[in-house]
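Peer 1: Sequence plus predicted model, see below.
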Amino acid sequence: MPDNSRHADGARVLADLDALRAIGTYKTGVHKPTFSEPHMRSLQWLTQRLPQAGLTAETDGIGNVLGKSAKPGPKLLAGSHLDSQNFAGWLDGPLGVVYALEAARIINPDPNADGAVEVAAWSDEEGHFGSFLGSRSYVGDVTEANIDAARDSGGRAMRDALRDAGLAGRARAKAERGRHIGYLEAHIEQGRSLESSGLRIGVVTSIVGIWQYLISFSGEQNHAGTTRMADRRDAGLALARFCVAIDDRFPALCGPRTVWTTGRIALDPGAHSIIPGRAEMLFQMRDDDPAVIERLQDHLRKMAAEVSAQGRCRVEVKRIRTGAPVMTDAGFQDAIEAASLALAGGKSVRMPSGAGHDAQILATIMPAGMLFVPSIGGISHHWSENTADADIVTGAQVFVEACRRLLAK
Ligand SMILES: [Zn+2]
């Protein structure tokens, strides 16, 4: 007879995710901005369940919920977040928290399992008030002055939001060095790699770095009626050509998963009857290999020099953000892969994460790993985000088994 108590209870996992979706429901998704009533109620939901896993629940002064175990032996930290993007999906965050809770419920009371899983729900992962504020606070990277200065997009002070949520004056939890063997987080993929290859589990190898640029074009502002086409130095046109040239040339130079995006474009002036003398574009590249980015960046500068040499417009490429990629721990990758082999028919693939996650913050102080489950149609940050029930259940089973293997090492 199979030993069901060893494995994740799929029906319980699905019921928990449904319960969290019932808080702050929006269509088939949720709306739970950080410190909103539905976010706080979701944290309460979690704190009420942590004792089922033998964990003592604590909500700290930045809205992190942490479940601590008194069981002797090694401890693995696991979790994700319960805040959401505005009017977004039901699994982005809750999936990882419920998997962690399930792993703790299965492993912590098991006398044959080594150690315990401790659960975390990190505050403000979606960046309503800052960037990964909850997990960054936990690793000691957020000052009181940072919190004083933080505001949401509507201008509301984070201090006011904390006070209204009943969190003012509470201490912030700090990582205890050496307490955890590492951090494991599950998340929906938010892309379509797994679905399109018929795979069930993504073993995350790295979380990509983000590099950002401001590319500016200087030409000559002039009259749109009297300046002949041959005489123009149109910065807007140079910008448009540059965008197209990037898309033509990068594929021969990039890595298999490099992505690039043009953001805000501004023409100065942007009027009907004036040839723009200046133009600017924000440009972003993501990859987990700094050498690839280095190559693409060299090429951007080469393209800029080529355009400048033609004499009509001068192009300047300025780097405004350098993002270091974060590699996950090899032992964690092996544990997830072995668990997939045992419980998901080996239908797993090692892959980088193109999105940022709390795991990249935890990885700065302890070994960290991540597991992905497929996203239907690759859709996320939208209320229609979803994952097949069967994939949610398989992911939970692989997650619990990976925790068990990590703790048994
Ligand atoms: Zn997320």
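Peer 2: Perfect, I can see it now. This is a predicted model, so every value here is computed, not measured.
Peer 1: how about the strands in the stretch 201-350 of the chain?
Peer 2: Using DSSP state E, counting those that start in this stretch, the strands of the stretch 201-350 of the chain run over residues 201-207, 209-218, 222-223, 259-268, 274-275, 278-287, 314-321, 326-327, 348-353.
Peer 1: Would you map the helices across the stretch 151-300 of the chain?
Peer 2: 158-164, 193-196, 235-249, 290-309 (DSSP state H, counting those that start in this stretch).
Peer 1: nearest to H81, of those?
Peer 2: The closest of those to H81 is helix 158-164. By C-beta to C-beta, the value is 15.9 Å. Yep, even glycine has a C-beta here, placed from its N, CA and C like the rest.
Peer 1: Now do the buried residues in the closest one.
Peer 2: The neighbour-count check on helix 158-164 (16 or more other C-beta atoms under 10 Å) flags 158, 161-162 as buried.
Peer 1: Next: stretch 27-39.
Peer 2: Neighbour-count burial for stretch 27-39 [16+ other C-beta under 10 Å]: 29-36, 38-39.
Peer 1: State the mean pLDDT of stretch 285-303.
Peer 2: Mean per-residue pLDDT for stretch 285-303: 96.
Peer 1: and what of stretch 99-111?
Peer 2: Mean pLDDT, stretch 99-111: 97.
Peer 1: Take the helices of the stretch 151-300 of the chain and write them to CSV, including distance to M229.
Peer 2: Listed next are the helices of the stretch 151-300 of the chain as CSV, based on distance: least, C-beta to C-beta, whole Å:
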stretch, distance to M229
helix 158-164, 53
helix 193-196, 46
helix 235-249, 10
helix 290-309, 18
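Peer 1: before we move on, back to that, select from the buried residues of stretch 27-39 every entry located in helices.
Peer 2: Among the buried residues of stretch 27-39, the subset assigned to helices under DSSP state H consists of 38-39.
Peer 1: Tabulate the buried residues of stretch 27-39 (JSON lines), appending distance to A186.
Peer 2: Putting the buried residues of stretch 27-39 into JSON lines (distance: C-beta to C-beta, whole Å) gives the following:
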{"residue": "G29", "distance to A186": "19"}
{"residue": "V30", "distance to A186": "18"}
{"residue": "H31", "distance to A186": "23"}
{"residue": "K32", "distance to A186": "19"}
{"residue": "P33", "distance to A186": "23"}
{"residue": "T34", "distance to A186": "21"}
{"residue": "F35", "distance to A186": "24"}
{"residue": "S36", "distance to A186": "24"}
{"residue": "P38", "distance to A186": "22"}
{"residue": "H39", "distance to A186": "20"}
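Peer 1: Now for the buried residues of stretch 27-39: which two are most distant?
Peer 2: Every pair of the buried residues of stretch 27-39 checked by C-beta to C-beta; the farthest is G29 and F35, at 19.0 Å.
Peer 1: which ones are touching whichever residue of the stretch 201-350 of the chain sits closest to the ion?
Peer 2: Closest residue of the stretch 201-350 of the chain to the ion, C-beta to the ion: I207 (11.8 Å). Applying C-beta atoms under 8 Å, 6 or more residues apart in numbering to I207 gives the contacts 288, 325-326, 328, 352-353, 355-357, 359-360, 363, 370.
Peer 1: Over to R177?
Peer 2: R177 sits in contact with I365, where contact means C-beta under 8 Å, 6+ apart.
Peer 1: ok, now how distant is the nearest residue to H81 once chain neighbours are set aside from D298?
Peer 2: Nearest non-adjacent residue to H81, counting by C-beta to C-beta, 6 or more residues apart in numbering: E125, 3.5 Å away. Distance of E125 to D298, given as C-beta to C-beta, to the nearest Å: 34 Å.
Peer 1: and whichever helix or strand Q48 is part of, what's its mean pLDDT?
Peer 2: Here Q48, judged by DSSP states H and E, is contained in helix 37-49. Mean pLDDT, computed over helix 37-49, is 98.
Peer 1: And it, what does it pack against?
Peer 2: The contact analysis (3 or more C-beta pairs under 8 Å, 6 or more residues apart in numbering; DSSP states H and E) places helix 37-49 against helix 10-21, strand 55-59, strand 65-69, helix 94-107, strand 116-122.
Peer 1: what angle do it and helix 94-107 make?
Peer 2: Interaxial angle, helix 37-49 versus helix 94-107 (axes from the mean of the first three to the mean of the last three C-alpha atoms, to 10 degrees): 10 degrees.
Peer 1: Can you give me the buried ones in helix 37-49?
Peer 2: Buried, per 16+ other C-beta under 10 Å, within helix 37-49: 38-40, 42-43, 45-47, 49.
Peer 1: So which residues make contact with it?
Peer 2: Contacts of helix 37-49 (C-beta under 8 Å, 6+ apart): 16, 19-20, 23-24, 30-33, 57, 59, 63, 65, 67, 82-84, 94, 97, 101, 119, 121, 165-166.
Peer 1: export that helix as CSV, just CAs?
Peer 2: Extracted C-alpha coordinates of helix 37-49, given in CSV (Å, rounded to 0.1, in the frame of the first residue of the first chain):
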residue,chain,number,x,y,z
GLU,A,37,-7.5,44.5,3.7
PRO,A,38,-7.5,41.4,1.5
HIS,A,39,-3.7,41.1,1.7
MET,A,40,-3.8,41.4,5.5
ARG,A,41,-6.7,38.9,5.7
SER,A,42,-4.7,36.4,3.6
LEU,A,43,-1.8,36.8,6.1
GLN,A,44,-4.3,36.1,8.9
TRP,A,45,-5.5,33.0,7.0
LEU,A,46,-1.9,31.7,6.9
THR,A,47,-1.2,32.5,10.6
GLN,A,48,-4.2,30.5,11.6
ARG,A,49,-3.0,27.5,9.6
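Peer 1: How far off centre is that helix?
Peer 2: Distance of helix 37-49 from the chain centroid (C-alpha atoms, centre = their mean, to the nearest Å) equals 21 Å.
Peer 1: start at 16 instead
Peer 2: All right, first residue 16 from here; so that's helix 52-64.
Peer 1: related to what we said a few turns ago, identify, out of the strands of the stretch 216-365 of the chain, the most deeply packed stretch.
Peer 2: strand 216-222 (a mean of 24; mean count of other C-beta atoms under 10 Å).
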